[in-house]
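**Student:** structure, please.
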Amino acid sequence: MNHSKNESTTLVPDTYYSPSERTLEKYCNTFGITFNRIIYVDYHPKIYFSAISSNSKPANILSSSDKSGFGCFSIFFTGKENSANIIWNKVNQKVFDFSNDREKNQDVVASKILTEEHLQILATWLKCKILVYCSGVWKKYGDWNTSGGVEEVPIFVLEKRKVENDTIYQIILSLED
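**Tutor:** Sure thing, here's the model as predicted:
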């Protein structure tokens, strides 16, 4: 998988819409986890931005225990972190379907932290867009050249950064330009 095309210092401004309940329930079914509408309704109003541009930078981050990135997707889908390992396991089951590089695939499967490959697999498999802010640059995963047609393609927005020797992922709640 070639990810250099994903780096973008010029991000075309895009409108952010929260994913629909139907979409999130479909994702939860894909992973065999439970969608809870009450938790979804409580969680999603915490995202305080409606547009993203190349000048946007994270302002507020959601505090969470799981910093692997898989916990972020568990929160996005269910409002809780407790499905992170299930998502990690299911995504790793798809790794060998997306690449023939056996050595690289073994490294990806062994990683407890989201990798570029995990992000690309999630975006392709779920037909969503993922936007990751890292070191002053936005990286895009998924098909950013099309919209979803009747329903907008969901966008999941994360920050990736180094803290001491660890790579962590967090959900971006608000942006500043």
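
**Student:** mind listing what's buried along the longest helix along the chain?
**Tutor:** Longest among the helix segments of the chain by residue count, using DSSP state H, is helix 84-98. For helix 84-98, a neighbour-count test (16 or more other CB atoms under 10 Å) marks 84, 86-88, 90-92, 95, 98 as buried. The C-beta positions use only the backbone N, C-alpha and C, and glycine is treated the same way.

**Student:** not counting sequence-adjacent ones, nearest residue to Thr167?
**Tutor:** Leaving aside its chain neighbours, Thr167 sits nearest to Ile113 (5.3 Å; criterion: CB to CB, 6 or more residues apart in numbering).

**Student:** now the helices for the protein?
**Tutor:** Using DSSP H, the helices assigned to the chain run over residues 21-31, 37-43, 70-78, 84-98, 102-110, 116-126.

**Student:** that older thread, pretty sure the residue nearest to Thr167 sits against Asp66.
**Tutor:** No - contact status for Ile113 versus Asp66: not in contact, 10.4 Å apart, counting by CB atoms under 8 Å.

**Student:** look at the two and report which has more neighbours.
**Tutor:** Using other CB atoms under 10 Å as the criterion, Ile113 and Asp66 rank with Asp66 on top: 21 against 15.

**Student:** how close does that one sit to Pro19?
**Tutor:** Distance of Asp66 to Pro19, computed by CB to CB, to the nearest Å: 20 Å.
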